[in-house]
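A.B. asks: following is a predicted model, sequence given first.
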Amino acid sequence: MISNKYVLVTGACGGLGKDTVEILSHNGYKIIALDKNIVKYQDDVYYFNCDITDYKRIQEVYNEVYKITKSLYAIINLCGIYKMDSVYEGDINKLKDVIDVNFYGIYMINQTFAKMLCDKGKRIINCTSELAGYSAIPFNGFYSLSKVILDNYSDTLRRELMYLDIKVIKVQAGSFSTKLLDGASSEYDNLLNNTKYYKNQMVKLKYMMDRELSKERDPKIFGKLILKIMNKKNPKICYHIKRSLKLRIMSALPERMQDKLYKSIVK
């Protein structure tokens, strides 16, 4: 059983976070749980209300965490929001909100708390998305852009922090049954109601979207993978979990062929 290893988890009360915190805690890790909307699931977890886009609040939480422990074994970033829109017509403020949470917030968390990574084997785990490894999907650009940025950032961070003996691991995950995609239908409805150019395409896309969302998996599967990564002495650079077979096949095709398929299927 592991003892005295503190782990900071962002998005700790969300779908992936809740199960990950539970699994890590039951396996001996001491959890510092950060979330914008705190729900205290476990008495042995330190919970902190924290909007990760608020730099001042992050510094306040850092000072509070430092009173509990001066050493972290890992930072696990599971926070994220999902927004669906057209990159041609879409609201720039919506795009900004997505990138603020899915990238800038994680950037600020890592930059603030990485100095506390003092234990041997210390590591940062960033949850990106399977979409970061695929070619572009129409009308899903806001979310995809944020995850591509986070994915590339994770690679850059890994190559900088290797000189400090800090491991950086990214997890490219497919769909899971979480609150992240609970609002996908409302995001679709907003796009359908507000689009000037793509109403026909959005009607066709609804069926495809529902098929993909119906394949959401149990978040406990994700939590078990995080535990595996935590316990490995030399984890892989990138882990893939529950990726969409259709998206993998589509992304493997030449770009022009993908264009033709998207145009014929969603027209």
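C.D. replies: Great, that's in hand. Residues are numbered from 1 along each chain as shown.
A.B. asks: ranges for the helices of the stretch 1-150 of the chain?
C.D. replies: Secondary structure of the stretch 1-150 of the chain by DSSP state H, counting those that start in this stretch: the helices cover 15-26, 55-68, 92-99, 106-113, 141-161.
A.B. asks: rebuild these as CSV, extending it with mean neighbour count and distance to Ile76.
C.D. replies: The way it works is simple: take the backbone N, C-alpha and C, and place the C-beta from them, glycine included. Converted to CSV, the helices of the stretch 1-150 of the chain look like this (neighbours: other CB atoms under 10 Å; distance: least, CB to CB, whole Å):
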stretch, mean neighbour count, distance to Ile76
helix 15-26, 23, 7
helix 55-68, 14, 14
helix 92-99, 15, 20
helix 106-113, 20, 10
helix 141-161, 19, 13
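A.B. asks: out of these, flag the one nearest Pro254.
C.D. replies: With CB to CB as the measure, helix 141-161 is the member of those nearest Pro254 (19.5 Å).
A.B. asks: ok now that closest one, how far from the chain's centre?
C.D. replies: The chain centroid and the centroid of helix 141-161 are separated by 11 Å under CA atoms, centre = their mean, to the nearest Å.
A.B. asks: Serialize the helices of the stretch 1-150 of the chain to TSV and add fields for distance to Ser175 and mean pLDDT.
C.D. replies: Formatted as TSV, the helices of the stretch 1-150 of the chain follow (distance: least, CB to CB, whole Å; pLDDT from 0 to 100):
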stretch	distance to Ser175	mean pLDDT
helix 15-26	11	94
helix 55-68	29	98
helix 92-99	17	96
helix 106-113	20	98
helix 141-161	12	96
